[in-house]
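Engineer: Any chance you can model this:
(3 chains)
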Amino acid sequence: MDLLDQLNPPQRAAVEHGDGPLLVFAGAGSGKTRVITHRIAHKVAACGVPAWNILAVTFTNKAAKEMRQRVERLLGTAGARDAWIGTFHSTCARLLRANAADAGLDPRFVIFDDADQQAMVKRVAKDFGLDERRFPPRMLQSRINQAKQECRGPEQLERNSPVDGAIFDVYRTYEDRMAAAKAVDFGDLLYRTVLLLQNSAEVLAAYRRRFRHILIDEFQDTNRVQYVLVKLLAGEAPNVCAVGDDDQSIYRWRGADIRNIRDFQRDFPGTVVVKLEQNYRSTGRILDAAHGVISKAIEREPKKLFTENAGGSPVEIETLADERTEALRVVSWTRALRSKGFELGDIAVFYRVHAQSRVIEEALRAANVPYAVYGGMRFYERAEIKDAIAYLRIVQNPHDDVDLGRIINVPPRGIGKSTVDVLFEQATNRGTSLHDAMCAACGDGSMPAATRKRLGSFRDLVHGWRAREADLSPAALLRLILDESGYEKALAGEDTPESDARSQNVAELVGSLEDYEKTAEEPTLAGFLESITLQSVQDEIEEGDRLTLMTVHTAKGLEFRAVMVVGMEEDLFPFRSSQAGRDPHEMDEERRLCYVAITRARERLLLTNVGMRRLFGFEREAFPSRFLEDIPEDSRTVYSPPGRPRSIGPLGRRSAEPAGRTIDRSYSQLPATGEDDHLGFRVGQSVRHARFGVGLVLRVEPGADPKVSVDFPGHGTKTIVARFVQPA
DNA sequence: ATTCCTGCCTTTTTT
DNA sequence: AGGCAGGAAT
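Structural biologist: The predicted model follows:
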C-alpha cells in the first residue's frame, strides 16, 4: 500500500514534510485526521522512525482512539502499538504517575473534576470566612485554573488589591489542602508536568529522547500551559507538527489561546506552513453559506474552502411562530428526510444552549421518534454515581477529603454536619487529611462517646475495603461497598420512582465497571477511576438508528448528512447574556461557532428561527440572527409564514431598547393592597423574631401555613412562618 | 440530625 | 422552568 497515493498535493506535502516544525491549517472536512495518521504511518513505515518515538496529542479520548485505530489500519496493530497517542490530560497523568517522586506527588493521587475542585475551593474560602457574594467560589475556582493555565503558582500572582490578596490566600491554601488530600485537578495535570520537566533535567532529557516526533491535533484549542509543554518536549531540534483551524476555535472562553498559532511560527523558526482547503464533506452551497458567515470575522487567517462537489440543495432558512412549532418542525423535517432515504442516524439537531432541548425532546417523544441527547447532566455527574465513585476513590486514596466528606454520612449514619465540621477543622489545624482527623478522633476524647463509636465503625468499614482491594476485582469491590455501606439498602428503602432510577444508575455503574474489566488491558481500580474522570461528552456518543441532539460545541469534529440548527436568533445565537458590553472577540467566537455548526452538514442544512421564544422561564419576541444575513442569497431558500414579513435580508434588526420585556414575578404575585392584612400582620409593620430581633414586614403570605417576609437589619430578608414573629 | 422550602441564577464545557 | 444551595423548621 502506498501511503501517499490517496492524498491531494497539500495533504501529501504535510505528510512528506521531513524534520522540523510544521504547521497545518486544516479547514473543516479537509482531511485533517487523515494527514496526522498518514504522517505517523509514513514516519514509521517509510522513514524508519520507531513508533516508540512518536507522541500524538488530542483533546478527547474519542479522537485519540480514532487516531490509534486509523494508524493501526495503516501500520498493523503491532506496528502502531508503541506510538503514544492520547489526550493532553491522560498523557500528563501518565507522566506524573511514572515520575511521581520527582513531581512531588503520591503515585496514587486521585484526579479531581470540576465539581470536586469546587467543593475544595468552597471549603477553603469558608475557612477564610470569605463572603460568598464578594468572592463567589466559582470565581475563585476560575482564577486558580486561569493561573495554572498561565503556569503561575500562588507566589506568582499579583497581590496589589485586597481582592488579589484573597485570591492568593485561597489559591495557596487550596494547594496545601490538595496536597494533603493527595489530589490533583485538571489544571495540575498540565502545570505539574511542566514543572516536572522544568525541574528535572534528567526527566526532561529522557522524554525528549523518547518523543522525537510530536503531533498535536486541534492546535487552535491549546492553552498556554499546553503550548509550553509542547515547547519543552520538542526541545532543540523540534519535530512538531501542529494541526488546527483558527476558524474552529470555540474555546477561547476556556483559555484556548489563538496566539499559540501565531507564536508557533515565531517560536519555531523555519516552520513550514501548509493549508488544506479542499473540503471532502459538504456540498458547495453549504460551504458558501459557511464562508459567508466566517468571512465576516474581524480576525482570521485568510483562506477559503473549495469542493468538487458543487451545487447541492440550497440551505433552508425557516421562520416559525415559537419554540413549540419549531420542535414540531424538527419532527416533520425528520419525516421528510426519511422518506428521501435518510436514516435517523444521518440527522442531527444542534442548539446553542441545552435548555433548548426540552421542547424538542417532548415533540420527538410524542411523535415516537427515537433520539439521543448528549451533554447536559452526564452519567458520571449524577449524585448517586458520584457517591459510588467517592467510595471507590476513598479506597484508592483515603486522604481524598472531598470524597470522604461527601460520603461520610451518606447514607445517614449519625455523623452529622457539626461533627464533620469539627473534624475538618482539626484536619486543617494539624495539616492532615480528614481521614487522619477521623482516625485520631476515634482514639482521643475530643468527641462524645456515641460519635466516637460511629466514627470508629465507619473507619473500620473503610479500612476493611482497603484491605480487600488487592484480592477483589474492582466491580466486586464496588458491590461489596454498596452492600456494606448500606447505600444500596438506603436507596431501595426510599422506594420512589426517583430512587428506583438511581438504583438503576448505580447498577449501570457496576455494569460499566465489569465492561471495563473485560476490555482494559490491565484493569485496575485506579485505571477505571482515571478513565471516567477524564471522559468527555463525545466519548459517550454511540452510533445508532436515532436522531442526535446536542449543542454546537459538542458537535465539533462530527459530521452528519443532514443538520438542523434551531434558535438562529439574536441574543440566542449569537448568544448574549443579560449583561451587555462585551468585546468583539466574543462575537467572533459566536461566528466561528456558527461556522462549526454549518460545516457539520454534508448534504442538507436547515436553519430555523422563531418569532416568540420562551426560554429560562420568560417569553420574549425574537429576531433573526445576524448570521442568517451573511448566507449568500443564491445558496439559500427562505421560508417565512405569510403575514409575518420577517425578511432575512436587511432585516428589521431590533431597536436599541433592552432585550425583551421581563416580568418580575416576585412583584406581580404580591397580594394587592387590602390583602396585606393577615393574622394581624401588615406590610410595613415592625415585628420581633427570637433570633433576628426587630424587622420590617415586606410581604404577608396567606394560606394554611401563613408566612411573612421580614427585613431584619443586619440579617437581610427572611421569610418566616408567621407564628414565629410577634408584633413589636 | 434530617427534612423541607425558598430564593437564586441561568452559555458553551475538549479534560 | 428547573436544579441547587443554604436556611429554617421539626
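
Engineer: How much space separates A:Asp221 from DNA strand B?
Structural biologist: Using C-beta to the nearest atom of the strand, to the nearest Å, one obtains 3 Å as the distance from A:Asp221 to DNA strand B. Bear in mind the C-beta positions are built from the backbone N, C-alpha and C, glycine included.

Engineer: contacting residues for that residue?
Structural biologist: Contacts of A:Asp221 were listed using C-beta atoms under 8 Å, 6 or more residues apart in numbering, and they are A:Phe59, A:Gly244, A:Ser249, A:Tyr251, A:Ala256.

Engineer: okay, now the residue in chain A that DNA strand C sits nearest to: neighbour count?
Structural biologist: The minimum distance from chain A to DNA strand C, using C-beta to the nearest atom of the strand, falls at A:Gly617 (2.7 Å). When counting by other C-beta atoms under 10 Å, one arrives at 9 neighbours for A:Gly617.

Engineer: next one: A:Ala437
Structural biologist: A count of nearby residues for A:Ala437, using other C-beta under 10 Å, gives 24.

Engineer: Not counting sequence-adjacent ones, nearest residue to A:Leu615?
Structural biologist: The shortest distance from A:Leu615 to any residue other than its chain neighbours is 6.0 Å, reached at A:Ala355 (C-beta to C-beta, 6 or more residues apart in numbering).

Engineer: now do A:Arg626
Structural biologist: A:Glu570 (6.5 Å).

Engineer: That neighbour and A:Ser90, how far apart?
Structural biologist: A:Glu570 sits 40 Å away from A:Ser90 when distances are taken as C-beta to C-beta, to the nearest Å.

Engineer: Ok, A:Arg430 next?
Structural biologist: When C-beta to C-beta is the yardstick, A:Arg430 and A:Ser90 sit 34 Å from each other.

Engineer: Also A:His463?
Structural biologist: Distance, A:His463 to A:Ser90, by C-beta to C-beta: 31 Å.

Engineer: Could you point out the longest strand of chain A?
Structural biologist: strand A:601-615 (DSSP state E).

Engineer: The stretch 301-450 of chain A: helices as residue ranges?
Structural biologist: Counting by DSSP state H, counting those that start in this stretch, the segments of the stretch 301-450 of chain A that form helices are A:323-339, A:357-366, A:383-396, A:401-407, A:417-430, A:434-443, A:449-468.

Engineer: most tightly surrounded among those?
Structural biologist: The densest packing among the helices of the stretch 301-450 of chain A, expressed as mean neighbour count by mean count of other C-beta atoms under 10 Å, is seen in helix A:401-407 with a mean of 24.

Engineer: mean confidence for that helix?
Structural biologist: The average of the pLDDT scores along helix A:401-407 is 89.

Engineer: Now do it: which elements does it pack against?
Structural biologist: The contact analysis (3 or more C-beta pairs under 8 Å, 6 or more residues apart in numbering; DSSP states H and E) places helix A:401-407 against helix A:114-127, helix A:383-396, helix A:417-430, helix A:434-443.

Engineer: out of the ones you listed, nearest to DNA strand B?
Structural biologist: Closest of those to DNA strand B is helix A:417-430, at 4.5 Å (criterion: C-beta to the nearest atom of the strand).

Engineer: anything in that closest one sitting right up against DNA strand C?
Structural biologist: No - residues of helix A:417-430 are not located near DNA strand C by C-beta under 7 Å from any atom of the strand, the shortest gap being 9.0 Å.

Engineer: Go ahead and measure how far that helix is from the middle of the chain.
Structural biologist: Per C-alpha atoms, centre = their mean, to the nearest Å, the displacement of helix A:417-430 from the mean C-alpha position of its chain is 32 Å.

Engineer: does any bit of that helix sit next to DNA strand B?
Structural biologist: Yes - residues of helix A:417-430 contacting DNA strand B under C-beta under 7 Å from any atom of the strand: A:Lys417, A:Ser418, A:Thr419.

Engineer: ok now do the first one, which residues does it touch?
Structural biologist: If I follow you right, that is A:Lys417. Applying C-beta under 8 Å, 6+ apart to A:Lys417 gives the contacts A:Asn409.

Engineer: Next, find the distance separating it from A:Asp106.
Structural biologist: Taking C-beta to C-beta as the criterion, A:Lys417 is separated from A:Asp106 by 29 Å.

Engineer: Same question for A:Phe350.
Structural biologist: Using C-beta to C-beta, we find A:Phe350 at a distance of 43 Å from A:Asp106.

Engineer: Please go through chain A and pick out the longest helix.
Structural biologist: For chain A, the helix with the greatest residue count under DSSP state H is helix A:497-519.

Engineer: Touching it from outside, list them.
Structural biologist: Residues external to helix A:497-519 that are found in contact with it (C-beta under 8 Å, 6+ apart): A:379, A:382-385, A:388-389, A:473-475, A:478-479, A:482, A:487-488, A:491-492, A:523, A:527-528, A:531.

Engineer: ok, 10 Å please
Structural biologist: Applying C-beta atoms under 10 Å, 6 or more residues apart in numbering, the contact partners of helix A:497-519 are A:379-380, A:382-385, A:387-389, A:392, A:473-479, A:482, A:487-488, A:490-496, A:523-525, A:527-528, A:531-532.

Engineer: Pull out the buried members of those residues.
Structural biologist: A residue is treated as buried here by neighbour count (16 or more other C-beta atoms under 10 Å); on that basis the buried members of these are A:380, A:382, A:384-385, A:387-389, A:392, A:474-475, A:477-479, A:482, A:487-488, A:491, A:523, A:525, A:528, A:532.

Engineer: show me what contacts A:Trp333?
Structural biologist: Contacts of A:Trp333 were listed using C-beta under 10 Å, 6+ apart, and they are A:Glu316, A:Glu318, A:Ile347, A:Val349, A:Ala562, A:Met564, A:Arg604, A:Leu606, A:Thr608.

Engineer: same thing but 8 Å
Structural biologist: Residues near A:Trp333 by C-beta under 8 Å, 6+ apart: A:Met564, A:Leu606.

Engineer: Closest residue of the stretch 151-300 of chain A to DNA strand B?
Structural biologist: Nearest to DNA strand B in the stretch 151-300 of chain A, going by C-beta to the nearest atom of the strand, is A:Tyr251, at a distance of 2.8 Å.

Engineer: and what of chain A?
Structural biologist: Counting by C-beta to the nearest atom of the strand, chain A gets nearest DNA strand B through A:Gly416, at 0.8 Å.

Engineer: For the nearest residue to that residue once chain neighbours are set aside, what are phi and psi?
Structural biologist: What sits nearest to A:Gly416 in space, not counting adjacent residues and going by C-beta to C-beta, 6+ apart, is A:Asn409, at 6.6 Å. Summarising the backbone geometry of A:Asn409 under the convention degrees, to the nearest 10, its torsions are phi -130, psi 30.

Engineer: quick one: A:Asn409 and A:Val420 touch, right?
Structural biologist: Yes - at 6.9 Å, A:Asn409 counts as touching A:Val420 under the criterion of C-beta atoms under 8 Å.

Engineer: in stretch A:36-52, what's buried?
Structural biologist: A:Ile36, A:Thr37, A:His38, A:Arg39, A:Ile40, A:Ala41, A:His42, A:Lys43, A:Val44, A:Ala45, A:Val49, A:Ala51.

Engineer: Can you pull out the low-pLDDT segments for the stretch 451-600 of chain A?
Structural biologist: Counting by pLDDT under 70, the stretch 451-600 of chain A shows low-confidence ranges at A:578-582.

Engineer: Kindly recompute the last result at 50.
Structural biologist: Along the stretch 451-600 of chain A, the model assigns pLDDT under 50 to residues A:580.

Engineer: Just the helices from it, written as ranges.
Structural biologist: Under the criterion DSSP H, counting those that start in this stretch, helices of the stretch 451-600 of chain A are mapped to A:474-484, A:487-494, A:497-519, A:525-533, A:552-555, A:584-598.

Engineer: residues in the stretch 551-700 of chain A within reach of DNA strand B, list them.
Structural biologist: Within the stretch 551-700 of chain A, the positions lying close to DNA strand B (C-beta under 7 Å from any atom of the strand) are A:Thr551, A:His553, A:Thr554, A:Phe575, A:Ser577, A:Ser578, A:Leu593, A:Phe616, A:Gly617, A:Ser666.
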